[in-house]
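# coords please:
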Amino acid sequence: MKYRLLLLILLPAFQLKAVDMNTVRDLFASASESSSSCNKLYSMTASGTLSKDPILYAYHAAAEMTKANHSSWPHQKLGHFNAGKVMLENVIAKYPKDVEMRYIRYCVQRGCPFFLGYSSNKASDKKYVLANMDKTDWSDSYKKKVRDFLNSQA
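Coordinates of the predicted model:
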């Protein structure tokens, strides 16, 4: 009896808190403009790994890259950008057909300064996301938001 009570008390402490993907997506949308959003996104997605929860890993990579926007020193900016870029490219290489990861990369490449030379996948990612987003479990409102964003970009 004592052990059951102890188990009931401790069980909630061991349960993993599920990450709300709507919150992650909202933070991603505002991370480049808000260091607070970027830091929240970075913390919220830190549990993602390449093999366990690769979507969170991709968002974490994007948050790492976005930290460059909020750093003062050029070497810090480049360090954050390059570290996140390696992570993002690795996860997309492992899951090349994942629509959300391709969307993340499109967004990062779209907002990235041209002199960093990270734009070679923009057109193919945009085309892929538009062609395959109906296969995702995204809400209709999120699909519309993504579609509108992609179609508003040159």
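
# Only C-alpha atoms from now on, for both contacts and neighbour counts.
Will do.

# which residue is nearest the middle of this protein?
What sits nearest the mean C-alpha location of the chain, by CA atoms, centre = their mean, is Tyr59, with 1.7 Å.

# how about that one, secondary structure?
helix (DSSP: H, G, I helix; E, B strand; the rest coil).

# Any regions of this structure where pLDDT drops low?
1-17, 153-154 (pLDDT under 70).

# Ala31: what's it in contact with?
Going by CA atoms under 8 Å, 6 or more residues apart in numbering, Ala31 touches 37-39, 41, 63, 66.

# For the residue nearest to Asp53 when sequence neighbours are not counted, what are phi and psi?
Of all residues not flanking Asp53 in the chain, Ser47 sits nearest, at 7.9 Å (CA to CA, 6 or more residues apart in numbering). The phi and psi values for Ser47, taken as degrees, to the nearest 10, are phi -80, psi -10.

# mind listing the helices in this structure by residue range?
Remark: helices assigned in the chain by DSSP state H are 2-14, 21-31, 35-44, 54-66, 74-94, 99-111, 122-132, 140-152.

# For stretch 111-119, list every residue counted as buried.
For stretch 111-119, the neighbour count (16 or more other CA atoms under 10 Å) marks 112, 118-119 as buried.

# Can you pull out the residues in contact with it?
Residues contacting stretch 111-119 (CA under 8 Å, 6+ apart): 109-110.

# Span of that stretch from start to end?
9 Å (CA to CA, to the nearest Å).

# quick one on the thing from earlier: among the helices of the chain, which is the most enclosed?
Most buried of these, by mean neighbour count (mean count of other CA atoms under 10 Å): helix 54-66, with a mean of 26.

# which helices and strands does it pack with?
helix 21-31, helix 35-44, helix 74-94, helix 99-111 (3 or more CA pairs under 8 Å, 6 or more residues apart in numbering; DSSP states H and E).

# could I get it in CSV with only the CA atoms?
Coordinates of each C-alpha in helix 54-66 appear next as CSV, following Å, rounded to 0.1, in the frame of the first residue of the first chain:
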residue,chain,number,x,y,z
PRO,A,54,13.0,15.2,-35.2
ILE,A,55,10.4,18.0,-35.7
LEU,A,56,11.4,19.6,-32.4
TYR,A,57,15.0,19.1,-33.4
ALA,A,58,14.4,21.0,-36.6
TYR,A,59,12.7,23.9,-34.7
HIS,A,60,15.6,23.8,-32.2
ALA,A,61,18.1,24.1,-35.1
ALA,A,62,16.1,27.1,-36.5
ALA,A,63,16.1,28.7,-33.0
GLU,A,64,19.8,28.3,-32.8
MET,A,65,20.2,30.0,-36.2
THR,A,66,17.8,32.7,-35.2
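
# Fine, thanks again, bye for now.
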